[in-house]
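Q: Sequence unavailable; structure follows:
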């Protein structure tokens, strides 16, 4: 079931955020994510967050800032089961256009977004990590 974020979801959401970032970005130092944890924890409640919950346990979430997807995070043991697509389709219903940034080396995520109809619109270096990232966009046809 997809539902909107509640304040008491924050700790589980942040656990998913940290674990998923470390797992998906093994080319970036773990400390980078740990150093940004508190900042994200403070900013996140200001975003539009939808969570995927199964049997009372949050298994994933998507965060939006206007029409920018700040990220989709799915529990490691629940990945590749359609949860990311469900969350993405949930936000697509209310937006004509969406954009995001994803690291080029995060091949799994790049492939996911391409399958979901996103196109690469730009390529640049993330100044903080030194990694190449794609800007990607989707628009309703």
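A: Yep, it's here. These numbers were taken from a predicted model, which means no experiment stands behind them.

Q: Name the helix or strand for the residue lying closest to residue 76 once chain neighbours are set aside, please.
A: Leaving aside its chain neighbours, residue 76 sits nearest to residue 23 (5.9 Å; criterion: Cβ to Cβ, 6 or more residues apart in numbering). Quick note: C-beta positions are derived from backbone N, CA and C, even for glycine. Here residue 23 sits within helix 10-24, counting by DSSP states H and E.

Q: buried ones in the host helix or strand of residue 137?
A: Assigned by DSSP H and E, residue 137 belongs to strand 132-139. Neighbour-count burial for strand 132-139, counted by 16 or more other Cβ atoms under 10 Å, picks out 133, 134, 136, 137, 138.

Q: Against which helices or strands is it packed?
A: Packing partners of strand 132-139 (3 or more Cβ pairs under 8 Å, 6 or more residues apart in numbering; DSSP states H and E): strand 97-103, helix 107-115, strand 119-125.

Q: Would you mind pulling the contact partners of it?
A: Identification of contacts with strand 132-139 by Cβ atoms under 8 Å, 6 or more residues apart in numbering yields 92, 96-105, 110, 113, 116-126.
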